[in-house]
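> Got a sequence here, can you build the structure:
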Amino acid sequence: MIDGPFFWLTVLGVLGTGLVAGVFCGFSTFVMRGLAVLPSAQGVAAMKAINVAAVTPPFMAVFLGSAVLCALIAVATFVLWPEEGTVELLVGSALYLFGSFGVTMVANVPRNNALAALEPGTSEAATYWPAYIREWTLWNHVRTVASTGAALAYVLALT
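Residues are numbered from 1 along each chain as shown. The predicted structure is shown next:
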């Protein structure tokens with residue numbers, strides 16, 4: 001069984017990836033659906049406000065902090081190569097770093113930036129909004145599954 005500081009690092013990894021999974025799950029299951037039924041000008045304005053609020057210290061500490069923890073866990077796993085939980089630790093780290101953090105950077109953030117450049121009441125925003133909802137939510141599902149899988153993998157490594 002994993003013990004010492006590595007144990008606590010993994011516990012923090014479970015908590016961080018689990019918290020991020022919960023946020024993403026909320027967006028996938030009801031936030032985006034709620035925004036989608038609004039008139040496009042209201043939906044665009046609301047999502048733009050959410051995107052601004054998301055990059056403040058509380059969420060970023062959890063989101064980026066979890067990425068740092070996952071990277072540390074991966075490095076520590078390669079260095080220490082524990083007798084048990086090695087595969088689970090590496091899988092958990094990869095799921096979060098690539099499936100959550102990586103997908104955010106290559107799929108969700110570019111869409112957020114494109115949305116930020118639009119004025120809510122314009123025809124351009126109204127045209128982009130349905131595609132944004134569909135594509136952003138699809139990639140958010142990936143992030144939700146990846147973050148949940150990371151938390152589960154870390155829990156399995158601890159057992």
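> In the chain, which helix is the longest?
Secondary structure of the chain per DSSP state H: the longest helix is helix 123-158.
> for the residue nearest in space to the middle of the chain, phi and psi?
Geometric centre of the chain, nearest residue: residue 100, 4.3 Å, by CA atoms, centre = their mean. Dihedral pair for residue 100: phi -110, psi -70, per degrees, to the nearest 10.
> where's it relative to residue 21, distance?
Going from residue 100 to residue 21 by CB to CB, to the nearest Å gives 8 Å. Using the backbone N, CA and C atoms, a C-beta is placed for each residue, glycine as well.
> if I look at those two, which residues touch both of them?
Residues within reach of residue 100 and of residue 21 at once, by CB atoms under 8 Å, 6 or more residues apart in numbering, are 147, 150.
> circling back to that earlier point, can I assume the residue nearest to the centre of the chain is in contact with residue 151?
No. If you go by CB atoms under 8 Å, residue 100 and residue 151 don't touch, sitting 10.3 Å apart.
> And the helices in this protein?
With helices called from DSSP H, the chain shows them at 4-26, 32-36, 40-54, 57-80, 86-94, 103, 109-116, 123-158.
> would you turn those helices into CSV with mean neighbour count and mean pLDDT?
As requested, the helices of the chain are exported to CSV (neighbours: other CB atoms under 10 Å; pLDDT from 0 to 100):
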stretch, mean neighbour count, mean pLDDT
helix 4-26, 18, 96
helix 32-36, 16, 98
helix 40-54, 17, 97
helix 57-80, 16, 96
helix 86-94, 20, 97
helix 103, 19, 98
helix 109-116, 15, 98
helix 123-158, 19, 98
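> quick revisit: show me the common contact partners of residue 100 and residue 151, please.
With CB under 8 Å, 6+ apart as the test, residue 100 and residue 151 both reach residue 17.
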